[in-house]
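Asker: fold the following and give me the result.
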Amino acid sequence: MPNCQNCGSFVTEAYVRVFAPDGMDRPRVCPNCEDMVRDGADVREARAKRT
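Answerer: Residues are numbered from 1 along each chain as shown. The predicted structure is shown next:
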């Protein structure tokens, strides 16, 4: 089962297929990550805490 590289949370294979770069089997961040967010093709620190 795939897990987020940042926080270790479980993610579905469909999430990986859509949001992970080609050739990667684990996303770099997920919706459960409070400290990092996707920014286009990159990942950056969150500017504000998400709720």
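
Asker: what about the residue nearest to D35 when sequence neighbours are not counted, neighbour count?
Answerer: Excluding its sequence neighbours, the residue lying closest to D35 (Cβ to Cβ, 6 or more residues apart in numbering) is A46, at 5.7 Å. Any C-beta I mention is one placed from the backbone N, CA and C, and that applies to glycine too. Using other Cβ atoms under 10 Å, A46 has 13 neighbouring residues.

Asker: I'd like to know how far A46 sits from F10.
Answerer: A46 sits 21 Å away from F10, going by Cβ to Cβ, to the nearest Å.

Asker: try R44
Answerer: For R44 relative to F10 (Cβ to Cβ), the value is 23 Å.

Asker: try M1
Answerer: Distance of M1 to F10, computed by Cβ to Cβ: 6 Å.

Asker: the more surrounded of these two?
Answerer: A side-by-side neighbour count of M1 and F10, using other Cβ under 10 Å, places F10 first with 11 against 6.

Asker: any idea what the more buried one is bridged to?
Answerer: Assessed by DSSP bridges, F10 has beta-bridge partners N3.

Asker: would you mind measuring from R26 to S9?
Answerer: 11 Å.

Asker: so where is this structure shaky, pLDDT-wise?
Answerer: By pLDDT under 70, the low-scoring segments of the chain are 50-51.

Asker: what residues of stretch 33-47 count as buried?
Answerer: 33, 36-37 (16 or more other Cβ atoms under 10 Å).

Asker: for stretch 1-13, same thing?
Answerer: 2, 4-6, 11.

Asker: of the residues you listed, which is the nearest to D22?
Answerer: P2 (14.8 Å; Cβ to Cβ).

Asker: quick one: residues contacting the closest one.
Answerer: 10-13, 15-16, 25-27 (Cβ atoms under 8 Å, 6 or more residues apart in numbering).

Asker: pipe the residues you listed into a markdown table and attach secondary structure per row.
Answerer: Written out in a markdown table, the entries for the contacts of P2 read as follows (DSSP: H, G, I helix; E, B strand; the rest coil):
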| residue | secondary structure |
| --- | --- |
| F10 | strand |
| V11 | coil |
| T12 | coil |
| E13 | helix |
| Y15 | helix |
| V16 | helix |
| D25 | coil |
| R26 | coil |
| P27 | coil |
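
Asker: thanks a lot, see you next time.
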